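Colleague: Fold the following.
(chains A, B, C and D, ligands or ions: 6)
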Amino acid sequence: MEYIVNARNSDIVLQIIQAIHEKSQYLSEIDGATGDGDHGVNMDKGFSLAKERIVGNDLSFSDAIKILGRTLLMDIGGSMGPIYGTIFNEIWKSLKDVEKIQDTNVLTALNNGLMALIDLAGAKPGDKTLIDTMVPAIQTFASAIESGNSFSKSLDELSRGAEEGKANTKNMMAKIGRAARLQERSIGFLDAGATSCCIILQTMASAIKGCMQSE
Amino acid sequence: MEYIVNARNSDIVLQIIQAIHEKSQYLSEIDGATGDGDHGVNMDKGFSLAKERIVGNDLSFSDAIKILGRTLLMDIGGSMGPIYGTIFNEIWKSLKDVEKIQDTNVLTALNNGLMALIDLAGAKPGDKTLIDTMVPAIQTFASAIESGNSFSKSLDELSRGAEEGKANTKNMMAKIGRAARLQERSIGFLDAGATSCCIILQTMASAIKGCMQSE
Amino acid sequence: MQRIINDPSLVVEDMLKGFVMVHKDIIHVHLKNPRVIISNAAKNQKKVGIVTGGGSGHKPAFIGYAGKNMVDAVAVGEIFSSPTANSFYDAIVEVEQGMGVACLYGNYAGDNMNVKMASMMAKDDNITVKTVVANDDVASAKKEDSEKRRGVAGEILMWKVGGAKAATGASLDEVIDAAQKAIDNTRSVGVGLGPCTIPANGKPNFSIKEGTMEFGIGHHGEPGIRIDKLASAKEIAKEMYNLIINDLPFQSEDEVVVLISGLGATPLMEQYILFNEIENLLNADNIKIFKAYVGNYFTSLEMNGITLTIMKLDDELKECIRMEVESVGLIQIGE
Amino acid sequence: MQRIINDPSLVVEDMLKGFVMVHKDIIHVHLKNPRVIISNAAKNQKKVGIVTGGGSGHKPAFIGYAGKNMVDAVAVGEIFSSPTANSFYDAIVEVEQGMGVACLYGNYAGDNMNVKMASMMAKDDNITVKTVVANDDVASAKKEDSEKRRGVAGEILMWKVGGAKAATGASLDEVIDAAQKAIDNTRSVGVGLGPCTIPANGKPNFSIKEGTMEFGIGHHGEPGIRIDKLASAKEIAKEMYNLIINDLPFQSEDEVVVLISGLGATPLMEQYILFNEIENLLNADNIKIFKAYVGNYFTSLEMNGITLTIMKLDDELKECIRMEVESVGLIQIGE
Ligand SMILES: Nc1ncnc2c1ncn2[C@@H]1O[C@H](COP(=O)(O)OP(=O)(O)O)[C@@H](O)[C@H]1O
Ligand SMILES: Nc1ncnc2c1ncn2[C@@H]1O[C@H](COP(=O)(O)OP(=O)(O)O)[C@@H](O)[C@H]1O
Ligand SMILES: [Mg+2]
Ligand SMILES: [Mg+2]
Ligand SMILES: [Mg+2]
Ligand SMILES: [Mg+2]
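Modeller: Ligands and ions are numbered 1, 2, ... in the order given. Presented below is the predicted three-dimensional model:
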């Protein structure tokens, strides 16, 4: 049975923060095509601020996620503050009492995050948002687990689902957010939020795999 | 003795108006180098408005000049309104009771215009303004008359003096008006007002020559 | 980027310092949250609290409308980005006086989410928050999807009405109803002639070709309905007017408020010229101007363009519009 | 040229129509001269008449400062071009109530000449006109040639003081003395970051290279003292501040008015950021801000840039600055 230790594992979150930082310009460029071109700046600002509060404090994975979520909620605003803030907050709530985190714990956490997000943001699958990355990612992850794959293998599926979901936003017409105003003109471009969500999920997957243990 | 008939001679003024109209773009360009690039527009606006009030009314030379002056004073504003308005108003006052206008009448009229202008505008020769066209033009005109030249010949001298005066503004540093702010940077460019004044004096000279009579 | 700023990522902080100092007779900053601006008049009177908030870069909106008989507290976001839920929450708590709080804001995803979270936090403190979401921008979605439309300069009239109603001592429901009626009777449309640059981005994120205009542009440069050849003020006025008038629709004998706002770089001169054309069109349709506002009331940094807003009045709205107001962005002296 | 206008040569006419309609509660147009705007309050009180005038394109200056306790009548010129002597004359005659007229205007060749001619015409009607000529723009000439300096945003403070003094029922000489003292104690400087276009010309008649600024720019884009690399708000503030402070000079313990005006296209945000820096500099020199104004008070079409004006106060000037005012461009509510 594969698992990761929750305690002293803030490095997973720091890797996510680092990935967003590295891709920030790319994310803004994508947002520029159909939105206002600030998605990378918005994300990097919040994530970097959280980094300062996480580094050197020897936190658990879930506590680090909590700080990331809180920082986004309290200090960032925009739409990314509440959206990712809510997702990370739910993940924290789902994992905070778990010592050894297994595949099903992660699945529940992601599911809770998605539900809270849908409730808050009022977006549905197909609206061309980060939900279109999360939904297929969670689905392929869930099927992989159900089919008896290892945690690591299932995480690969999570990454594959996220990638596919993200890629599919290219052919969608935006129904929500700034890009919705473009109507047909929004077709042909990736969604910025779907892209950042894919980066986050894939980085998380590989970071978890990097500290995987089994018993 | 050469003279022109004052009555029914508004054509001289209409020729001046026409000349300004034709050179308006050129005048704005010159103003653009050291000023705000509107001298041609300013001049043409006032002169064209006066034209409407002169054409078809069979006016004397002095009455047409009066209308041009009044239009500039009453309807134009800026600095050209009062400057040329005052000059033309003085010319009108000097000529209004003259039936046959001779060289000395024109000299007096121009002199009165210049004096009134200096009083109003507070500019002196050498400040790089239209005064630097008027002063040498009047001087060469006066010397020509004094030396016993004909009216026609003296008008040629007037034109030559105006031309020289205008050309000399190129090497002057502006001491008044917008261009003064440029200090040394104003050297090397003709003065816009000096240029329009030269056009006016030369056109007037040739128009007067065109209806010269003698007895 | 030709700007007089220091660190581009700190423009909001730096700006707020100046704003608070200059206007200390009208507003002050929240003791603990530098992103909340509070009207000095907010606590002089027991009444429903009026809160708003939004991204920065729209000056005098949003903070310029904190003041007597207008907004009581404003949550301040980054440039073109919603304030945090936390700031909305602090604003709400600050102006609650036992009669509840009306949060009157514009329809943007971030604002919707942050207000929702703030309201939930306030509910835990037993503060009742009700909201009105401005959606006056006709060009931002079809009439059938009017709940998707954005809030633009019409928000000012919503605040004016909500603020005035609250000042009469009305209940939260009455204030909400009046503000909702205000925005339901208000329509706006914008035209863009030149882009703006978010300081942290450093370059314009859209462009408008010389000789053209973006008809129906959004408040952050969101693309409009179509790109038109730049026409005369008369023709532009007609296009804007028709879109608005047919949407509500407005009718002969209606009385209206007309609000024309420059988007930043458009000289007042052009705004008055456009107003003159709008007035002619209203006259022709026998619609009467009860009150007109022309100026840079709701901008988008240095965007070149103008928004037109028209609001249809009834007696209640008229009374609210008439009421005196003392804020940075709008001062109206009582009659 | 990206503008919402009709005929470029009729922008002033078209603009005035809109202006007069929107602000009919504050001003009206002269019965016979459409180029004269008169304050509705002008005849409510026997007092010295206050007249000004200047070129258009500086909105809200000049017509925006007609109103109660400010200017009584304004002569309106073409874009960046002095009004006619005739318009100044009509303005003077309109507001004369037996106590004489103070004509408070800016030092430009055209205005000097037209006011001079108008004063002569008024004299023929037995109206006494005295003048104060604003010359607050430090950058426009050396201190020795201060009579050649131009008037810029400091004119607003001159009108404020002159208008307030007149409202107290003071004599013409007292009004003139106060207004002259106001401008003698006022210094301004501007920086330009982007040009503007006279509508009738159709293209900018100067340019400012990206990354540079024209330090000391004039109100119509007249070249400044030098071209600098575009620096931070902090550094720009320091340069502007030093030029002004050393010119009068201002001293420790002085009380001052600070007026920051955008030139048209500069967002309010930047104006508050600059103000914040100026406040820090004043604090360091122990100079106290009695009153601060920040906004688009005196513009140059859509020029990108800011002017800084500082006025040194004594008790008389303070009282004048404090007085309530109701004009389009400046409303100040009494305490
Ligand atoms: N209501 C919503 N629900 C979920 N996601 C949304 C919603 N609105 C916008 N988004 C996401 O936000 C992304 C844009 O984020 P960002 O550029 O940071 O914010 P903004 O649109 O405020 O500039 C979009 O690509 C989309 O994925
Ligand atoms: N005080 C003055 N006295 C005489 N001429 C002047 C004065 N000031 C300016 N001028 C003349 O005016 C000309 C510029 O005219 P114009 O461009 O029409 O007006 P403006 O400078 O107001 O734009 C200058 O070239 C100069 O000859
Ligand atoms: Mg964005
Ligand atoms: Mg000129
Ligand atoms: Mg954004
Ligand atoms: Mg000019």
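Colleague: Could you measure from the residue in the stretch 51-200 of chain C that ligand 1 sits nearest to over to ligand 2?
Modeller: Proximity of the stretch 51-200 of chain C to ligand 1 (CB to the nearest ligand atom) peaks at residue C:109, 3.7 Å away. Quick note: C-beta positions are derived from backbone N, CA and C, even for glycine. Using CB to the nearest ligand atom, to the nearest Å, one gets 51 Å for the distance from residue C:109 to ligand 2.
Colleague: Surely that residue touches residue A:129?
Modeller: No - Residue C:109 is beyond contact range of residue A:129, at 9.1 Å (criterion: CB atoms under 8 Å).
Colleague: now for the helix or strand where residue C:15 lies, which elements pack on it?
Modeller: Using DSSP states H and E, residue C:15 sits in helix C:11-22. Using 3 or more CB pairs under 8 Å, 6 or more residues apart in numbering or on different chains; DSSP states H and E, the elements in contact with helix C:11-22 are strand C:27-29, strand C:36-39, strand C:49-56, strand C:73-79, helix D:268-284, strand D:288-295.
Colleague: Mean neighbour count for these - can I get that in JSON lines?
Modeller: What follows is the helices and strands packed on helix C:11-22, written out as JSON lines (neighbours: other CB atoms under 10 Å in any protein chain shown):
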{"stretch": "strand C:27-29", "mean neighbour count": "20"}
{"stretch": "strand C:36-39", "mean neighbour count": "28"}
{"stretch": "strand C:49-56", "mean neighbour count": "29"}
{"stretch": "strand C:73-79", "mean neighbour count": "28"}
{"stretch": "helix D:268-284", "mean neighbour count": "23"}
{"stretch": "strand D:288-295", "mean neighbour count": "19"}
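Colleague: rewinding a little: residues in contact with the residue of the stretch 51-200 of chain C closest to ligand 1?
Modeller: Residue C:109 sits next to A:79, A:121, A:176-178 when contact means CB atoms under 8 Å, 6 or more residues apart in numbering or on different chains.
Colleague: repeat that for 6 Å
Modeller: Taking CB atoms under 6 Å, 6 or more residues apart in numbering or on different chains, we find residue C:109 in contact with A:79, A:177.
Colleague: Run a quick neighbour tally on residue C:1.
Modeller: 15 (other CB atoms under 10 Å in any protein chain shown).
Colleague: Repeat that for residue A:58.
Modeller: 12.
Colleague: and if you look at residue C:172?
Modeller: Neighbour tally, residue C:172, other CB under 10 Å: 18.
Colleague: Residue A:147 too?
Modeller: Count around residue A:147 with other CB under 10 Å applied: 10.
Colleague: go on, residue A:119?
Modeller: Neighbour count for residue A:119, taken as other CB under 10 Å: 10.
Colleague: Distance of it relative to ligand 5?
Modeller: Distance, residue A:119 to ligand 5, by CB to the ion, to the nearest Å: 22 Å.
Colleague: Next: residue A:143.
Modeller: According to CB to the ion, residue A:143 stands 35 Å off from ligand 5.
Colleague: Over to residue C:23?
Modeller: Counting by CB to the ion, the gap from residue C:23 to ligand 5 is 27 Å.
Colleague: Check that residue and give its pLDDT.
Modeller: pLDDT for residue C:23: 98.
Colleague: now do residue C:205
Modeller: Looking at residue C:205, its pLDDT stands at 73.
Colleague: before we move on, the earlier item: in CSV, list the helices and strands packed on helix C:11-22 along with mean pLDDT and distance to chain A.
Modeller: Shown next, in CSV, are those (pLDDT from 0 to 100; distance: least, CB to the nearest CB, whole Å):
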stretch, mean pLDDT, distance to chain A
strand C:27-29, 98, 17
strand C:36-39, 98, 12
strand C:49-56, 98, 8
strand C:73-79, 96, 5
helix D:268-284, 98, 16
strand D:288-295, 98, 25
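Colleague: show me where chain A has helices.
Modeller: Shown for chain A, the helices assigned by DSSP state H span residues A:11-22, A:24-34, A:39-54, A:61-71, A:80-95, A:103-121, A:131-146, A:151-168, A:192-210.
Colleague: before we move on, what about the stretch 201-335 of chain C?
Modeller: C:233-247, C:268-284, C:315-322 (DSSP state H, counting those that start in this stretch).
Colleague: a markdown table for those helices, including distance to ligand 3?
Modeller: Converted to a markdown table, the helices of the stretch 201-335 of chain C look like this (distance: least, CB to the ion, whole Å):
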| stretch | distance to ligand 3 |
| --- | --- |
| helix C:233-247 | 26 |
| helix C:268-284 | 29 |
| helix C:315-322 | 35 |
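Colleague: Out of those, which is closest to residue D:32?
Modeller: Among these, the nearest to residue D:32 by CB to CB is helix C:268-284 (20.9 Å).
Colleague: which secondary structure elements does the closest one contact?
Modeller: Contacts defined by 3 or more CB pairs under 6 Å, 6 or more residues apart in numbering or on different chains; DSSP states H and E place helix C:268-284 against helix C:233-247, strand C:255-262, strand C:288-295, helix D:11-22.
Colleague: Tell me what angle that helix forms with strand D:73-79.
Modeller: With axes from the mean of the first three to the mean of the last three CA atoms, to 10 degrees defining the directions, helix C:268-284 sits at 100 degrees from strand D:73-79.
Colleague: Now do helix C:268-284: distance to the chain's middle.
Modeller: Distance, stretch centre to chain centre, for helix C:268-284: 21 Å (CA atoms, centre = their mean, to the nearest Å).
Colleague: what's in contact with it?
Modeller: C:233-234, C:237, C:241, C:260, C:262, C:294, C:306, D:3-5, D:14-15, D:17-19, D:21, D:59.
Colleague: For residue C:11, the count of nearby residues, please.
Modeller: Neighbourhood size, residue C:11 [other CB under 10 Å]: 25.
Colleague: Just give the nearest non-adjacent residue to residue C:112, would you?
Modeller: Using CB to CB, 6 or more residues apart in numbering or on different chains and skipping residues adjacent in sequence, the residue nearest residue C:112 is residue C:133, 7.0 Å away.
Colleague: Return whichever strand or helix holds that neighbour as PDB; C-alpha atoms alone will do.
Modeller: Following DSSP H and E, the helix or strand that holds residue C:133 is strand C:129-134. C-alpha atoms of strand C:129-134 as PDB (Å, rounded to 0.1, in the frame of the first residue of the first chain):
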ATOM      1  CA  VAL C 129     -25.900  41.400   4.400                       C
ATOM      2  CA  LYS C 130     -28.000  41.700   1.300                       C
ATOM      3  CA  THR C 131     -26.600  42.500  -2.100                       C
ATOM      4  CA  VAL C 132     -27.500  44.200  -5.400                       C
ATOM      5  CA  VAL C 133     -25.300  43.300  -8.300                       C
ATOM      6  CA  ALA C 134     -25.000  46.000 -11.000                       C
END
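Colleague: pLDDT on that strand, on average?
Modeller: Strand C:129-134 carries an average pLDDT of 98.
Colleague: Also stretch A:60-68?
Modeller: 98.
Colleague: chain center to it: distance?
Modeller: In terms of CA atoms, centre = their mean, the centre of stretch A:60-68 is found 14 Å from the chain centre.
Colleague: just stretch A:24-44 next, same as before
Modeller: Computed by CA atoms, centre = their mean, the separation of stretch A:24-44 from the middle of its chain amounts to 16 Å.
Colleague: again, but for stretch C:256-271
Modeller: So, by CA atoms, centre = their mean, the centroid of stretch C:256-271 is 13 Å from its chain's centroid.
Colleague: What residues does chain C have near chain A?
Modeller: C:77, C:81-84, C:86, C:109-110, C:113-114, C:117, C:140, C:200-201, C:205, C:220, C:222-223 (CB under 6 Å from any CB of the partner chain).
Colleague: of the residues you listed, buried ones?
Modeller: Buried members of the residues of chain C next to chain A, scored by 16 or more other CB atoms under 10 Å in any protein chain shown, are C:77, C:81-84, C:86, C:109-110, C:113-114, C:117, C:140, C:200-201, C:205, C:220, C:222-223.
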